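K.L.:
Predicted model, plus sequence, below.
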Amino acid sequence: QVQLVESGGGFFEAGESLRLSCAASGQTYMIDAVAWFRQAPGKEREFVARITWTAGRPSYSDSVKDRFAISRDSDKNLVYLQMNSLTREDTAVYYCATRTRAGWYDFVRLDSYDYWGQGTQVTVSS
């Protein structure tokens, strides 16, 4: 199993930046990719970004691709989400998730991931 713990959330003003962290522990050798999802009040959880573990290749949703950046430190088992130019629409609980299965998958789907963190709240006010 892999355990994930997110940190870095809080209250921010529109236009500010923040960096979320996701710390992985346990059977981290199994990690194939790590993704960030978010869930705003009253909405479904949605894909934000993903990074492949070995190659470090990122993918983003259209809504964040020009403002957010995902990165990883595989030596420390950490994944980051740099969030710039925050807007109120970025208010959500942010979750990191990891996939440990090999093979092709649709990386925007929730069920493509095997382990999830508890989430960290990000609130952006204008």
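P.N.:
Structure's in. What do you need?
K.L.:
May I have the beta-bridge partners of the residue nearest the centre of the chain?
P.N.:
With distances taken as Cα atoms, centre = their mean, Trp36 lies nearest the centre of the chain, 1.9 Å away. Beta-bridge partners recorded for Trp36 (DSSP bridges): Ala49, Cys96.
K.L.:
if I look at it, how far off is Ser61?
P.N.:
Taken as Cβ to Cβ, to the nearest Å, the spacing of Trp36 relative to Ser61 amounts to 10 Å. From N, CA and C alone the C-beta is placed, and that goes for glycine too.
K.L.:
ok, and the closest non-adjacent residue to Gln82?
P.N.:
For Gln82, the nearest residue in space outside its immediate sequence neighbours is Ala69; the separation is 4.4 Å by Cβ to Cβ, 6 or more residues apart in numbering.
K.L.:
so which helix or strand takes in that neighbour?
P.N.:
Ala69 belongs to strand 68-73 when elements are defined using DSSP states H and E.
K.L.:
Report the contact partners of Gln118.
P.N.:
Listed by Cβ atoms under 8 Å, 6 or more residues apart in numbering, the contact partners of Gln118 are 5-6, 95.
K.L.:
Distance from the chain centre to stretch 28-37, please.
P.N.:
Its chain's average C-alpha position is 10 Å from that of stretch 28-37, according to Cα atoms, centre = their mean, to the nearest Å.
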